[in-house]
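Enquirer: Sequence and computational prediction follow.
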Amino acid sequence: MSTLRARKIFNDSKHQLIVVESADKWQRKSNFGCYSYVRIEPLAIVVLGPDAKIQAFDMSGKQVAIDLLEKSVSKLSELISSSIKR
């Protein structure tokens, strides 16, 4: 099961950083017991600047459209709107 999530990782008077992550979880049962595997992988970083400028970058540094990220990750738009006033 894979889910996308967003969380704030840095906040100061000038900049805020929000990471968009993919969280995967697997469970398996065998004769020897139950096993759980969890993987969290960063997908993008959203930078909120002091002048209310919003930029998003993927993990290779290429700029990503913030609208696409907001459609994919529901909590992202909530984090952005609570952080700055558009």
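Expert: Received it, and whenever you're ready, just let me know what you need.

Enquirer: List of residues touching the helix or strand where residue 44 lies?
Expert: Using DSSP states H and E, residue 44 maps to strand 33-48. Under the criterion C-beta atoms under 8 Å, 6 or more residues apart in numbering, residues 4, 6, 15-29, 54-59, 64, 66, 69, 76, 80, 83-84 lie in contact with strand 33-48. Where C-beta positions appear, they are placed from N, C-alpha and C, glycine not excepted.

Enquirer: and it, how far out from the chain's middle?
Expert: Centroid separation between strand 33-48 and its chain, computed with C-alpha atoms, centre = their mean, to the nearest Å, is 9 Å.

Enquirer: C-alpha coordinates for that strand, CSV please?
Expert: Provided in CSV are the C-alpha atoms of strand 33-48 (Å, rounded to 0.1, in the frame of the first residue of the first chain):
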residue,chain,number,x,y,z
GLY,A,33,6.0,-15.1,12.0
CYS,A,34,4.7,-11.8,10.7
TYR,A,35,6.9,-9.3,8.9
SER,A,36,6.3,-5.7,8.2
TYR,A,37,8.3,-3.5,5.8
VAL,A,38,8.1,0.2,5.6
ARG,A,39,9.8,2.5,3.1
ILE,A,40,9.6,6.3,3.1
GLU,A,41,11.0,8.0,0.0
PRO,A,42,11.2,11.8,-0.6
LEU,A,43,9.6,12.9,-3.9
ALA,A,44,9.7,16.7,-3.8
ILE,A,45,10.5,19.7,-1.7
VAL,A,46,8.2,22.8,-1.6
VAL,A,47,9.9,26.1,-0.7
LEU,A,48,7.8,28.9,0.7
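
Enquirer: can you pull the buried residues of that strand?
Expert: 43, 44, 45, 46, 48 (16 or more other C-beta atoms under 10 Å).

Enquirer: partners of it, with directions?
Expert: Strand 33-48 sits in its sheet next to strand 16-30 (antiparallel), strand 54-58 (antiparallel), going by DSSP bridges.

Enquirer: Pipe the buried residues of strand 33-48 into CSV and attach pLDDT per row.
Expert: Below are the buried residues of strand 33-48 laid out as CSV (pLDDT from 0 to 100):
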residue, pLDDT
43, 94
44, 95
45, 95
46, 95
48, 92
